[in-house]
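Novice: model this:
(one chain, ligands or ions: 1)
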Amino acid sequence: MSWRDLRCGEPRPEQVGQRLTLAGWVDTRRDHGGLVFVDLRDHTGVCQLVINPEHAPEAHAAAHELRNEFVVRAEGELVARAPEAVNPGLPTGGVELQVDRLEVLSRSTPLPFQLDEEHVDETLRLRYRWLDLRRGQMQRNLRLSHTVVQSIRRTMDERGFIDVWTPSMTRGTPEGARDFLVPVRLQPGKFFALAQSPQLFKQLCMIGGIDRYYQIATCWRDEDLRADRQFEFRQLDLEMAFVEREDVLDVMEAVVVDAFAAVGREPPARPFPRIGYDEAIARYGTDKPDLRFGLEIQDATEVTRGSEFGVFGGAEAVRFIVVPQEYSRAELARLEEVAKEWGAKGLAYIVHGADGETRSPIAKFLSERELAAFAAPAGSTVLFGAGEPELVARVLGGLRLHVARELGLADPDAEVFHWVIDFPLFQRDEDTGQWTFLHHPFTAPISGDEDFEGDPGAAKSQHYDLIWNGWELGSGSIRIHRSDVQAAVFRTMGMSDDEANGKFGFLLEALEMGAPPHGGFAMGLERFVALMAGEPDIRQIVAFPKVSSGADPLTGAPTPMPAEVLRELGIEAVPTEAESEGD
Ligand code: ASP
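Specialist: Here you go, the predicted model:
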């Protein structure tokens, strides 16, 4: 007897009369007097088994012992259900297996949670992930993820990309996060860093004549975990030689559109709109705007210059959004708290009541001209931000998202993909005041801006981001392929030549031995699939994720290591503050 002839979700009326063997997990067992009904489940669905005591006394005795999640094999004849027992909601709902042999292949201890139970603590689910994976949602998500990866591989193959494996254990790759370190027994006291991305290796592949590289690459970044962030994640990583920005965007748009088609969804229209960084910040207050709704930021700096309202009068920037909602005083107090979280000192507003009245603590200070500029439909509220442009953008960008979410302004069926392009090449590090990169230090300035050392803040880069409904899916850039320009970037970042050579000498050297112009992209896979699946967090897409403390509840990792293991690696564990206080 084979383990199974069909999967549990496959029996159909056409097979009625056939003898079949099915195998799977007991989803439910119902005892109806003499008859026992079992829903047998696998990843394809459930099939109803019927065990009749007169027909099959041995099978019936075995069926009595069954509990949820036992693994069984059942053999019998597939029969049509009685008309009143047909379940039209189930693909197998017209049939059932009349069992005459039933074998328990594996038993289960009592379960820590039922598979269909709602609101189960997530850590408990992850602790018993092998059970959790049996749920339909996880099965769907992991299979969706597979379909997307297959589609990506097809697209890349069709376009002449080859999959090149690059090392995980390497030197630090500067992607803006901390490195995970790997000690080396053969060289005690020395460490590899786990690659934050294959960035430099893919560039070296271009210098090595690979021409079109891609990889479904695992990346490691030591950052706080969030709904859309794990310590390790995968990205579609690609690099192309002899290309311009548009060639890279074209490939990525094809990747997205093909993946939509692969999972049976209407693909977004191409080309995806392109928005300049400055415009994104001015109109939406962020470099990853959600374009499913308007609520654009408007500028009032000219109108309010010298205003009697002091907060506006001397402000470097005064901007506002018009929210289609007449807010109450209590609601505005709450919004003020939100604005403060984004760094505002307060929140100025004008409510245009449905009754035609204007309510605003600041209106009495505003001139006719100002009031005319802030006219808005009855039943709406004007919310202001005033101060430094970056702060105003952050506050209004944050408020824009917040109120849109609260008021449900985004069309839930809209899928808006777009590009943000023309980023600045450098920005000031908030802590040190030093110039630093926005993307990574290998991003090329736009042509003509190579001479950026005199005024780094003015240079634009060939960096581009792909955004889906306000989520950043990935970033890329055209790279620097001249070692003098690369050295100038390191210098601008405050690195001495010695330091740059110490860290990136191999790159500078490679750039001096025939580097073709090149560029690429990386798209976070889990984030893409989570959005595809409509999941709010990527843990639902990852088979064995970690929780926010960074721990893996299933294996109990990370764990301390015995002193002799550490000694061999040239490491000494220092007690944490909590441990030393306990001494
Ligand atoms: N290495 C970059 C990242 O991981 C992507 C790229 O520039 O290609 O975000």
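Novice: so residue 322, which state does it fall into?
Specialist: Secondary structure, DSSP: H, G, I helix; E, B strand; the rest coil: residue 322 is strand.
Novice: I'd say it and residue 381 touch.
Specialist: Yes. The pair residue 322 and residue 381 passes the contact test of C-beta atoms under 8 Å, sitting 7.5 Å apart. All C-beta atoms are positioned from the backbone trio N, CA, C, and that covers glycine.
Novice: these two: which has the busier surroundings?
Specialist: residue 381 (25 against 20; other C-beta atoms under 10 Å).
Novice: did I read that right, that one in a strand?
Specialist: Yes. Counting by three-state DSSP, residue 381 is part of a strand.
Novice: what number of residues lie near the residue in the stretch 151-300 of the chain that the ligand sits nearest to?
Specialist: Residue nearest to the ligand within the stretch 151-300 of the chain (C-beta to the nearest ligand atom): residue 197, separated by 3.3 Å. By the measure other C-beta under 10 Å, the count of residues near residue 197 is 22.
Novice: up against the ligand, what does the protein have?
Specialist: 175, 197, 199, 475-477, 520-522 (C-beta under 6 Å from any ligand atom).
Novice: sort out for me which of those are in helices.
Specialist: Among these, DSSP state H puts residue 199 in helices.
Novice: and of the residues of the chain next to the ligand, the nearest to residue 99?
Specialist: residue 522 (52.0 Å; C-beta to C-beta).
Novice: wait, isn't that closest one in contact with residue 476?
Specialist: Yes. Counting by C-beta under 8 Å, residue 522 does reach residue 476; the two are 6.4 Å apart.
Novice: ok now do the residue of the stretch 151-300 of the chain closest to the ligand, which residues does it touch?
Specialist: By C-beta atoms under 8 Å, 6 or more residues apart in numbering, the contact list for residue 197 reads 173, 175, 217, 219, 235, 237, 522.
Novice: any chance of the residues you listed in JSON lines, plus distance to residue 358 and pLDDT?
Specialist: Formatted as JSON lines, the contacts of residue 197 follow (distance: C-beta to C-beta, whole Å; pLDDT from 0 to 100):
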{"residue": "173", "distance to residue 358": "55", "pLDDT": "73"}
{"residue": "175", "distance to residue 358": "49", "pLDDT": "79"}
{"residue": "217", "distance to residue 358": "56", "pLDDT": "98"}
{"residue": "219", "distance to residue 358": "53", "pLDDT": "96"}
{"residue": "235", "distance to residue 358": "51", "pLDDT": "98"}
{"residue": "237", "distance to residue 358": "54", "pLDDT": "98"}
{"residue": "522", "distance to residue 358": "50", "pLDDT": "98"}
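Novice: just the closest of the residues you listed to residue 562, please.
Specialist: residue 219 (29.9 Å).
Novice: got phi/psi on that closest one?
Specialist: As for residue 219, its main-chain torsions (degrees, to the nearest 10) stand at phi -120, psi 150.
Novice: centre of the chain to the strand or helix carrying residue 508, how far?
Specialist: Assessed by DSSP states H and E, residue 508 sits inside helix 497-511. When distances are taken as C-alpha atoms, centre = their mean, to the nearest Å, helix 497-511 is centred 33 Å away from the chain's centroid.
Novice: what mean pLDDT does that helix get?
Specialist: In this model, helix 497-511 has a mean pLDDT of 95.
Novice: quick one: buried residues of that helix?
Specialist: 500-501, 504, 507-508, 510-511 (16 or more other C-beta atoms under 10 Å).
Novice: for stretch 148-167, same thing?
Specialist: Applying 16+ other C-beta under 10 Å to stretch 148-167 flags 148-149, 151-152, 155-156, 161, 164, 166 as buried.
Novice: now do stretch 129-149
Specialist: Residues 129, 131-134, 138, 141-142, 144-145, 147-149 are the ones in stretch 129-149 that count as buried (16+ other C-beta under 10 Å).
Novice: what mean pLDDT does the longest helix seen in the chain have?
Specialist: When the chain is parsed with DSSP H, its longest helix is helix 136-158. The pLDDT scores in helix 136-158 average 98.
Novice: again with stretch 78-90
Specialist: Stretch 78-90 carries an average pLDDT of 96.
Novice: for it, how far is the first residue from the last?
Specialist: 16 Å (C-alpha to C-alpha, to the nearest Å).
Novice: then stretch 234-248?
Specialist: Start-to-end, stretch 234-248 (C-alpha to C-alpha) is 19 Å.
Novice: which residues touch it?
Specialist: 152, 156, 161, 197-198, 202-203, 205-206, 209-219, 251, 255, 421, 462, 464, 474, 476, 478, 516-526.
Novice: buried ones only from these, please, as a PyMOL command.
Specialist: Buried members of these, defined by 16+ other C-beta under 10 Å, are picked up in PyMOL with:
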select buried, resi 152+156+161+197+198+202+203+205+206+210+211+212+213+214+215+217+218+219+251+255+421+462+464+474+476+478+517+518+519+520+521+522+523+524+525+526
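Novice: could I get the full set of helices for the stretch 301-450 of the chain?
Specialist: Remark: helices assigned in the stretch 301-450 of the chain by DSSP state H, counting those that start in this stretch are 301-304, 310-313, 329-341, 368-373, 389-407.
Novice: make JSON lines from the ones you listed and add mean neighbour count and mean pLDDT to it.
Specialist: Shown next, in JSON lines, are those (neighbours: other C-beta atoms under 10 Å; pLDDT from 0 to 100):
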{"stretch": "helix 301-304", "mean neighbour count": "17", "mean pLDDT": "95"}
{"stretch": "helix 310-313", "mean neighbour count": "16", "mean pLDDT": "94"}
{"stretch": "helix 329-341", "mean neighbour count": "15", "mean pLDDT": "97"}
{"stretch": "helix 368-373", "mean neighbour count": "13", "mean pLDDT": "94"}
{"stretch": "helix 389-407", "mean neighbour count": "20", "mean pLDDT": "97"}
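Novice: would you turn these into TSV with distance to residue 104?
Specialist: Formatted as TSV, the helices of the stretch 301-450 of the chain follow (distance: least, C-beta to C-beta, whole Å):
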stretch	distance to residue 104
helix 301-304	76
helix 310-313	75
helix 329-341	57
helix 368-373	77
helix 389-407	50
